[in-house]
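S.K.: Sequence and predicted structure are below.
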Amino acid sequence: MFGANLLNWILWLPFVGVIAILCIPKGKENVIRWTALISTLVTMVFCAVLYCKFDRSLGGMQSQFEIIAPWIPSFNINYFLSVDGISALMIILTGMLFVICIGCSWKIEKMVKGYFALFLFLEFTVMGVFMSLDFFLFYVFWEVMLLPMFFLIGIWGGENREYAAVKFFLYTFFGSILMLVGIVGLYYMSAEVPSIGAHTFDILDLSGGKFSDMTVNLFGSEWNFSHVFFWAMFIGFAIKVPVFPFHTWLPHAHVQAPTAVSVILAGVLLKMGTYGFLRIAYPIFPQAANHFADWIAVLGLINVIYGALCAMAQTDLKRLVAYSSVSHMGFVMLGFAAMTTAGMNGAVLQMFNHGTSAAMMFLMVGVVYERSHHRWIVKPDGSLGFGGLYQQMPKYAIVFIISMFASLGLPGLSGFISEALIFIGIYKAYTTITVLALFGLLIGAAYLLWMFKRMFFGEVNEDCKSYSDMNTRELVYMAPLCILVILFGIWPAPLLDFMRASVGNLVTLLGNY
Amino acid sequence: MALNYLANIGRFIPELLACVTMLGLILIEATYGERDKDKKILSAASDLGLVMVLGSLIVQFNDTPTAIFSNAVVIDPFSTFMKIIMTLGTLGAVYLNGQSRDVHQGVKAEYNILALGVLVGAMLLASANNMLILYIGIEILSILSYVMASLNKIDDRSSEAGLKYVLYGGVSAGIMLFGISHIFGVLGTIQFTGMGALLQSLSDSQVAIIIPSFLLFFAGIGYKIACVPFHMWSPDVYEGSPLPVTTFFAIVPKLAGMALIVRISFVFFSHDGLLSQSWLGLLVIVSALTMTVGNVSALKQKSIKRMLAYSSISHAGFMLAGAVVVDSVGVRAIAFYGVTYLFMTLAAFYIVSFVQDKYGNDHFERFNGLMYRYPLMAVLMCLVMFSLAGVPPLAGFVAKFNILSALIGHGNYTLAIVAGLNSVVSLYYYLKIVRLMVFKDAESNEKIEGFGFVNQGIIAALSLPILVLGIFWNQIFQVVDKAVLFIQ
C-alpha cells in the first residue's frame, strides 16, 4: 500500500494540514490543534510504513520509493524524491519530533491558527529537504524553511525575538547564497564532465567525485574547482550545523524561540546541516573532503570544547542547552572527519541521538518555563533561580535525569553509543584530537551535573513551591523519547542496521580518494 | 516610398494608439469639469486606450521581426515584449493614480496624458534602430517625466523633484548627444544595422576616439536607468514625486533603458574585441556598483518610498548584470526579471500608497501591526518583500537565479558573488517592513480607505504572479524565449 507514492504522502500531508488549518474559522482553537495533531500523526504513520518497507540491504537510493517528474525542463530541473538509509532515518526522526512538538505546543494561546499552520508548513519543508535529490529542489526547500522559522521565532518568541529572528534569517540566507552560487557553478560544470555530459541538478549524477580534476577561473586565477566549491557548500551547511565560528546565531535563536520551535531547531534543523555534508558536500567532492579532513576535525574539536565551555558559563538554562547542542554537533563533525565506517556510523547515529536527547532537554526546559516564566539557573542578582525541584516535582526530576544523562552520554543511554563509535572511528587518524575531545565529554558532564545540582538539590525555593509536577499531557509526549533513548542505548541495532549499507557506500566512496 | 510607409504603419499601431489616446484625452479633458464623476470617465478612457495598446502589442508579439520607416525602427519580439511590460506598468500606475490621493486634487487627466506620452517615448526607445530615434525617444521620455515629477505644483518637494530631474536630465542628455555626435563622426552612420561590423574594422586611432564617445553615450542611458554613478537624482525625485508618479518612474523609464542597453550590447558588441571588452567591462563595474550602492543606501532610510527607490536602483544593477552576458540566456534573464520586477514594484507601491494616503506620510511606523488589521494585505506585502529579496519559491528568486546562472554560465563568478551578497544585504531592509507588519502591535485600528474590496482584489491579482512565476516558471519561459529573437 502507498508504495510508490509513500514519499509524496509524507511530504504533502503536512501541507494539506496547512491548507486545512487555514480553512478553519477563527475561534475554533481546539479544532485547529486537533487538525494539526492528526495531520502530524498520520504523517508519522507513513514514516512508520517507510521504516517497515525500507530495504536494509540496499546502500544506494531505494528505487521502490523513487518519484521523478519534470519541473522546469529548460533547466533540466526535476521533482525528484527518493531516500536512502541516512535520509530515511532523518525523515523518521522529523516525523516523530513534530508529533511531540504539537503536543508540547498545546498551550499556545497567541494566534493559534497561524502558529500551527506555520508549524506544519515547517514540517513540509523539512521533509522536502531530506527527500529531494534534485539540487534545485533541495535548495528551494532549504530556503523556504527559513520563512516559517522566521515567523515562529519572531511572533511567538521571547523578549528579544525580533533580533533573534532576523539574525537567524540573515545568517542562514548568507550561507544559502554561497551554496546557490555553488549549485549553479556545478550545473554548468557538469556538462564538462564526460561521465555526466549534460547540465544537471541531479545530486546522484553529480556525486561520485567526478569533479576532482576540474579547475575554475576565479578572481583572475585558476583554482581547484572541487576545493573552492567544497568550501562554498561547506559554509552554507556549516552555518546550519552550526560549526564554529558560524554558530553565533544559535544561542539567540534558541533562547528566544518558543519551546517547540527550539526542539525542532535542535532536533531537526541542525541535522539538515550535517545531512547536507553527507548528501552533497562529501559525495560530490570526496577528494576535497579528504583533503580538508584535518580542518574539519579541528573545527569539530573547537565545537566540542568551545561549546562545552560556553555552556558551563551560562546562567540561563536554555542557553546552556543551546551551547551543549553546539558541543554535541561537534562530535558529528569529528565523526565526519574520521571517514571510517565506525566514525561515520557514529556520526549519523549521533545525529539521530542528539535529535532525541536535545529535544528532550529543550522540552524539559519548556516544562519548567511554563511554571516559572523564567529560565535562570542563577538569577542576575546571584540567587538561584530554581532549587529543590527534586522534592517539588519528582516526576519531572526523573524525566530530567534521563534526558540529562542521555545528553551527557552515560553508558546505557543512546548518546553513549554514538559518541563511543565516533571515538573508535577517529582515534587512529587523530589521536590528539580524540584525547582533547574526550575532555569535552568531561566538561559536558561537569556543566550538566552542576546545573542539575543547582536546580534540583537543596531546599525548595520560595518561588518553586507553587510549581505543579508534570501533567499527563507532558508525560505522554515525553514518554516515547524516554523509551527511545533507553532502548537505543541498550540495543542500537535497529538504527545501525537501517543505515549501515548507505553509510558503507559513502565511506567506500570517500576511501577511494 | 509613400506606400511603403503606409504599409509600415501597420506595424506601428501600438505607438499610434497610444498617441491617439493621449490626444483624445486632451480633447475629452477640455470638455469635462473637475467633479469626481468626470475624473472617472477620464481614467476609464485612458484605461481603455492602454488596454487597446496592450491588445495590439500582444497581436504583434508573434510577428516576424522587421525594420520599418527606412530601418529607423525595429519591431521584434524582444521590443514588443518589453513594450508589453511597460504598457502593463503604465496601466497599473494609471489605475493607482485614479485611486491615490497623493496627486494634487486640482489635477485632472494630466497624469494620464503625460504617462501615455512617456510610454510612447519608452516604446520608441525599445524599438530604436538608429541614434536619432534613440535620442528622440529619450527626450520624449525625459521632458514629459520632468513635468510628471512636479505634478503636485503646490508641494515644494514635488517641484524640487521636477527641477532636479530637469537639471540632471538636461545635462546628461547633452553629454549623450555629444557622445553620439562623435560616434557619428567616426562611423559616418547613425544606423544601428551594420554598426557592429563597422566597429570591428576601426583603426587604433578611431578606437581611441570611440571608446570615450561610448562612455559619454552611456552616461545618457545610465541616467535613465539610474545606475551608479548617475543615480543621484533618483532618490530625491522618487521621494518628492507623488506616489503614482514614483511607481511609474520605477517601472517604465527603467525598463525602457534596460531594453536599450540590451539592444546596444547585442547590436554593437556581440563580437569579441577590445571595444566589446571595454563596454562589457564597463557594464560589469557599473552593475556591481549599482547593486551595492543602492542596497547599502537603502539600509538606513526612514521613508519607505525612499527605501524602495534605492532598492529599485539595486534591481537595475541586477538587470544590468544580465546584460553583461551578451547571449540569449542573459536576455532571457533580463526579460524575466522585467516581468517579475513589474509585479513586485506595482504591488509594493500600491500597498505603500494606500497606507500613505491614510496617514499623510510613509514612515515605517505606519506599517506597525498591519498583519492584525489587514491580514491579506500584510501577507501579500510580505510575499512581495521576500520576493524582492530573492527568497524561493517566489518569482524574485527565479529572476535572480536566472541572472546568476547567466553570469556563472560565462564564468563570471565575481559578479555573481557580488550579486548574491547583495541579496543578503537587501534582505535586511526588506525584513524591516515584514518585522513591523508582523511583529509589532497595531498603533490604531483605523480603517484604511484605500484597502477597499476591489483594491484588495487588485493587489492580490498583482501579487499572484509573484507566487505562480516562482513555481511554474517553465510556462512563462516559453514565452520569454520567443522574446529573445533578435535582429542582429
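M.R.: Yep, that arrived.
S.K.: after the longest helix anywhere in chain A comes which helix or strand?
M.R.: Taking DSSP state H as the criterion, chain A has its longest helix at helix A:341-372. Downstream of helix A:341-372, the next assigned helix or strand under DSSP states H and E is helix A:389-392.
S.K.: ok now the longest helix of chain A, how far from the chain's centre?
M.R.: 9 Å (Cα atoms, centre = their mean, to the nearest Å).
S.K.: Stretch B:248-266 now?
M.R.: When distances are taken as Cα atoms, centre = their mean, stretch B:248-266 is centred 6 Å away from the chain's centroid.
S.K.: what does stretch B:89-96 give?
M.R.: 13 Å.
S.K.: contact partners of that stretch?
M.R.: By Cβ atoms under 8 Å, 6 or more residues apart in numbering or on different chains, the surrounding residues in contact with stretch B:89-96 are B:43, B:46-47, B:50-51, B:54, B:111-112, B:115-116, B:118-119, B:243-245, B:247-248, B:251-252, B:255, B:342, B:345-346, B:349-350, B:353, B:458, B:462. For the C-beta atoms, the positions are set from N, CA and C on the backbone; glycine is no exception.
S.K.: redo that, cut-off 7 Å
M.R.: B:43, B:46-47, B:50, B:112, B:115, B:119, B:244, B:247-248, B:251-252, B:342, B:346, B:349-350, B:353 (Cβ atoms under 7 Å, 6 or more residues apart in numbering or on different chains).
S.K.: Tell me the helices and strands packed up against the helix or strand bottoming out on mean pLDDT in chain A.
M.R.: Least confident helix or strand, chain A: strand A:215-218 with a mean of 80, by mean pLDDT, DSSP states H and E. On a contact count with 3 or more Cβ pairs under 7 Å, 6 or more residues apart in numbering or on different chains; DSSP states H and E, strand A:215-218 meets strand A:221-224, helix A:225-240.
S.K.: how about those in CSV, adding mean pLDDT?
M.R.: Formatted as CSV, the helices and strands packed on strand A:215-218 follow (pLDDT from 0 to 100):
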stretch, mean pLDDT
strand A:221-224, 84
helix A:225-240, 90
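S.K.: nearest spatial neighbour of whichever residue of chain A sits closest to chain B, skipping sequence neighbours?
M.R.: Across chain A, the shortest distance to chain B (Cβ to the nearest Cβ) belongs to A:Ile177, at 4.0 Å. For A:Ile177, ignoring the flanking residues on the chain, the nearest one in space by Cβ to Cβ, 6 or more residues apart in numbering or on different chains is B:Gly420 at 4.0 Å.
S.K.: what's the answer for A:Tyr430, then?
M.R.: A:Ala297 (5.1 Å).
S.K.: neighbours around the one you found, how many?
M.R.: Using other Cβ atoms under 10 Å in any protein chain shown, A:Ala297 is surrounded by 24 other residues.
S.K.: Tell me where the chain is predicted with low confidence.
M.R.: If you meant another chain, say so; for now it's chain A. A:1-3 (pLDDT under 70).
S.K.: Wait, chain B was what I had in mind.
M.R.: In chain B, residues with pLDDT under 70: B:1-4, B:33-34, B:36, B:104-108, B:486-488.
S.K.: got the residues of the stretch 351-488 of chain B near chain A?
M.R.: B:386, B:391-393, B:404-405, B:408-409, B:411, B:413-414, B:416-417, B:420-421, B:423-424, B:427-428, B:431, B:435, B:438-439, B:473-474, B:477 (Cβ under 7 Å from any Cβ of the partner chain).
S.K.: if I pick the single nearest residue of the stretch 351-488 of chain B relative to chain A, what's in contact with it?
M.R.: Closest to chain A within the stretch 351-488 of chain B is B:Gly420: 4.0 Å, counting by Cβ to the nearest Cβ. Contacts for B:Gly420 (Cβ under 7 Å, 6+ apart) come out as A:Ile177, A:Leu180, A:Val181, B:Leu404.
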